[in-house]
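Visitor: Kindly generate the corresponding structure for this input.
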Amino acid sequence: MDRHRRAALALTLNALSLLLSITAFSSSHWCQGTRKAPKPICRGTDTPSRCIRPSNGTNPVQYSWETGEDKFIERRFHAGIWYSCEESGDGEKCRSFITLTPPADRGVLWLSIVAEFLYITLLLTGVSLMSVEVCYYTSVIDGLKLNAFAAIFTVLSGLLGMVAHMMYTTVFQMTVNLGPEDWRPQNWDYGWSYCLAWGSFTCCMAASVTTINRYTKTILEFKQRRRNLERSLQNKTLEQDGSRPVWDVYVSTIQANQDGFVDLSIGGQNQAAYRSTGHLPHRQCEEY
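Guide: Got it, this is the predicted structure:
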């Protein structure tokens with residue numbers, strides 16, 4: 001896979017990670033489950049199994065004791081970083097998850113929110129740098145600089161995302177144990193937003209590995225070509241008066257080349273002259 005394809009792959013993974021993280025951060029389906037709530041009084045055409053029927057006798061409410069759970073009903077809920085919503089007869093009723101969190105754990109929740117913001121911000125910065133590298137850079141050296149910064153931002157964003165997800169999970173578990181009585185669920189599990197959040201983390205780390213791999217491979221190619229160049233010039237006589245070091249000439253030639261690589265072989269027209277005299281022509285010497 002060439003450099004441009006690896007750059008496009010890293011940019012695609014980073015952009016996908018950014019999209020998944022924004023979707024998960026703004027949704028309220030990180031966790032979902034059911035809780036037991038008292039049955040409401042039946043009104044109008046309500047289903048008798050979902051409510052309690054009033055009576056005209058001394059008892060204001062008539063119960064059916066066929067099972068031990070007739071006074072309660074299971075209601076589904078889903079919760080996220082911002083809201084916790086529970087189904088009711090009129091639709092869904094939502095409450096701020098921050099107000100449901102125990103006061104001792106609200107600081108951890110706010111740290112999780114700040115870490116999520118930084119995670120998205122660093123992802124956006126990495127996407128911007130990769131886009132500039134793919135579309136607008138003019139030399140290999142500038143591309144390497146952008147590549148290095150993009151790798152740093154992508155790795156940092158992945159670490160922050162992992163910490164933010166784990167902190168929210170800890171806060172939710174503490175809220176289940178110590179939260180309000182009218183909210184505590186009987187059973188719960190992780191929802192699709194939680195899966196999107198960790199999918200975003202996976203794409204982010206894959207993008208960072210791809211970016212670091214491109215950077216490392218390019219540096220190794222530079223070093224290998226430098227060794228090849230020095231080896232090819234060991235037995236050749238070059239004029240040193242006023243000339244720059246061989247590596248500076250090589251880097252300058254690379255920067256002037258769009259693909260970042262140069263052909264260091266001796267041209268066909270100059271091979272005969274080299275065999276006869278043992279020295280390169282002046283023009284070919286300058287190219288080396």
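
Visitor: the strands in the protein, which residues?
Guide: 31-38, 53-54, 61-62, 72-79, 83-88, 91-96, 187-190 (DSSP state E).

Visitor: Which one of these lies nearest to residue 222?
Guide: strand 187-190 (45.8 Å; Cβ to Cβ). C-betas here are computed from N, CA, C, even on glycine.

Visitor: and the lengthiest helix in the chain, what's its mean pLDDT?
Guide: Secondary structure of the chain per DSSP state H: the longest helix is helix 192-232. Helix 192-232 carries an average pLDDT of 85.

Visitor: by contact count, what packs against that helix?
Guide: Applying 3 or more Cβ pairs under 8 Å, 6 or more residues apart in numbering; DSSP states H and E, we find helix 192-232 packed against helix 3-26, helix 106-135, helix 140-178, helix 246-256.

Visitor: I'd like those helices written out as JSON lines, with distance to residue 221 added.
Guide: Below are those laid out as JSON lines (distance: least, Cβ to Cβ, whole Å):
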{"stretch": "helix 3-26", "distance to residue 221": "9"}
{"stretch": "helix 106-135", "distance to residue 221": "17"}
{"stretch": "helix 140-178", "distance to residue 221": "10"}
{"stretch": "helix 246-256", "distance to residue 221": "10"}
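
Visitor: of all the ones you listed, which lies closest to residue 188?
Guide: helix 140-178 (6.7 Å).

Visitor: and that closest one, what other elements does it pack with?
Guide: So helix 140-178, by 3+ Cβ pairs under 8 Å, 6+ apart, packs with helix 3-26, helix 106-135, helix 192-232, helix 246-256.

Visitor: That one vs strand 83-88, what angle?
Guide: 50 degrees (axes from the mean of the first three to the mean of the last three Cα atoms, to 10 degrees).

Visitor: quick one: buried residues of helix 140-178?
Guide: For helix 140-178, a neighbour-count test (16 or more other Cβ atoms under 10 Å) marks 140, 143-144, 146-147, 149-165, 167-169, 171-172, 174-176 as buried.

Visitor: got it, and stretch 198-212?
Guide: Applying 16+ other Cβ under 10 Å to stretch 198-212 flags 199-201, 203-212 as buried.

Visitor: ok, back up a step: would you mind checking which of the strands of the chain scores lowest on average pLDDT?
Guide: strand 61-62 (a mean of 50).

Visitor: could I get stretch 140-155 in CSV with only the CA atoms?
Guide: Backbone C-alpha positions of stretch 140-155 (Å, rounded to 0.1, in the frame of the first residue of the first chain) are rendered in CSV as follows:
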residue,chain,number,x,y,z
VAL,A,140,7.7,15.2,1.8
ILE,A,141,9.2,17.1,4.7
ASP,A,142,6.1,19.2,5.3
GLY,A,143,4.0,16.0,5.0
LEU,A,144,6.2,14.3,7.7
LYS,A,145,5.7,17.2,10.0
LEU,A,146,1.9,17.1,9.6
ASN,A,147,2.0,13.4,9.9
ALA,A,148,3.8,13.5,13.2
PHE,A,149,1.4,16.1,14.7
ALA,A,150,-1.6,14.1,13.5
ALA,A,151,-0.2,11.0,15.1
ILE,A,152,0.3,12.8,18.5
PHE,A,153,-3.2,14.3,18.5
THR,A,154,-4.8,11.0,17.5
VAL,A,155,-3.1,9.0,20.2
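
Visitor: contacting residues around the residue lying closest to residue 178 once chain neighbours are set aside?
Guide: Nearest residue to residue 178, sequence neighbours excluded (Cβ to Cβ, 6 or more residues apart in numbering): residue 102, at 4.6 Å. Listed by Cβ atoms under 8 Å, 6 or more residues apart in numbering, the contact set of residue 102 reads 174-175, 178-179.

Visitor: What of residue 86?
Guide: Residue 86 touches 35, 75-77, 92-94, 183, counting by Cβ under 8 Å, 6+ apart.
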